[in-house]
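Asker: model this:
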Amino acid sequence: MIQVTAGIAIAESELHEDFLRASGPGGQNVNKLETAVQLRFDAAASPALTEDVRARLLRLAGRRATNEGVVVITAQRFRTRERNREDALDRLLALIRAAAAPPPPPRKATKPSRAARARRVDSKTRRGTVKALRGKPVAD
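Answerer: I've put the predicted structure just below:
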């Protein structure tokens, strides 16, 4: 079991890893070894996630989530397969933690005070005066 938060733990059997060849520089090494990792997590079928966490996770994942509710993380930053596996797992856990965090409280609408509105208009007037004085002097 992988402990994500205090209330969420994911079984390792829910994660599926595929290895593929990484793109980018690396010389002959990049053509021979499959160091990139594609980590798949079926969020739609996971019993560890509640409905609201699942919905937020799929919304946060964006294009990384398929239509079936599978989150796909591809990691190819590092040259070794082990580092890429750790990177993909860390990124998935960070995504789940962000989805499990409580949503922020709703914003209360406020209006600026009368004095704040007056200060704003006064500063705009002053700025306009400064810009008007930059013009060429009027010839008499």
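Asker: excluding chain neighbours, what is closest to the most centrally placed residue in the chain?
Answerer: Taking C-alpha atoms, centre = their mean as the criterion, Leu60 is the residue nearest the geometric centre of the chain, at 6.7 Å. For Leu60, ignoring the flanking residues on the chain, the nearest one in space by C-beta to C-beta, 6 or more residues apart in numbering is Ala99 at 5.5 Å. Quick note: C-beta positions are derived from backbone N, CA and C, even for glycine.
Asker: how many other residues sit next to Lys136?
Answerer: Number of residues near Lys136 (other C-beta atoms under 10 Å) recorded here: 5.
Asker: quick check: which ranges of this structure have low pLDDT?
Answerer: The chain contains residues with pLDDT under 70 at 2-4, 6, 24-32, 140.
Asker: need the strands for it, in chain order.
Answerer: For the chain, strands defined by DSSP state E occupy the ranges 2-3, 9-10, 15-20, 36-42, 70-75.
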